[in-house]
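Visitor: okay, here's the prediction I keep looking at, along with the sequence it came from:
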Amino acid sequence: MEVLIWIGAAISLLGLAGLIACIVMATRAKRAGLADAELRDRLKRVVALNMGALMVSAIGLMCVIAGIMLS
């Protein structure tokens, strides 16, 4: 089950990369000096991506835990 641990770690790192991308996107949107409505639209997309990245990261951590429990 060591393979499951490594696969889960890789999936978790993909989720972490998504979270870092969300931070960068939100920072760029705030610094762009956009109008309120346009800023809200961009941040809505960032929130959707953020939730997806959190889900991917959680699935990866579940794989790691399952691999540890089955070892």
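Guide: Noted; the coordinates are in hand.
Visitor: would you map the helices across this structure?
Guide: All helices of the chain, identified by DSSP state H, fall at 2-31, 36-70.
Visitor: wait, what's in contact with I65?
Guide: G8 (CB atoms under 8 Å, 6 or more residues apart in numbering). Backbone N, C-alpha and C define where each C-beta goes, glycine included.
Visitor: any idea how far it lies from S57?
Guide: Using CB to CB, to the nearest Å, we find I65 at a distance of 13 Å from S57.
Visitor: then A35?
Guide: For A35, the distance to S57 - CB to CB - is 33 Å.
Visitor: the two: who's more crowded?
Guide: Between A35 and S57, counted using other CB atoms under 10 Å, S57 has the larger neighbour count: 19 against 8.
Visitor: if you count neighbours, what's buried in stretch 15-26?
Guide: For stretch 15-26, the neighbour count (16 or more other CB atoms under 10 Å) marks 15, 18-19, 22, 25-26 as buried.
Visitor: farthest-separated two in the residues you listed?
Guide: G15 and A26 (16.7 Å; CB to CB).
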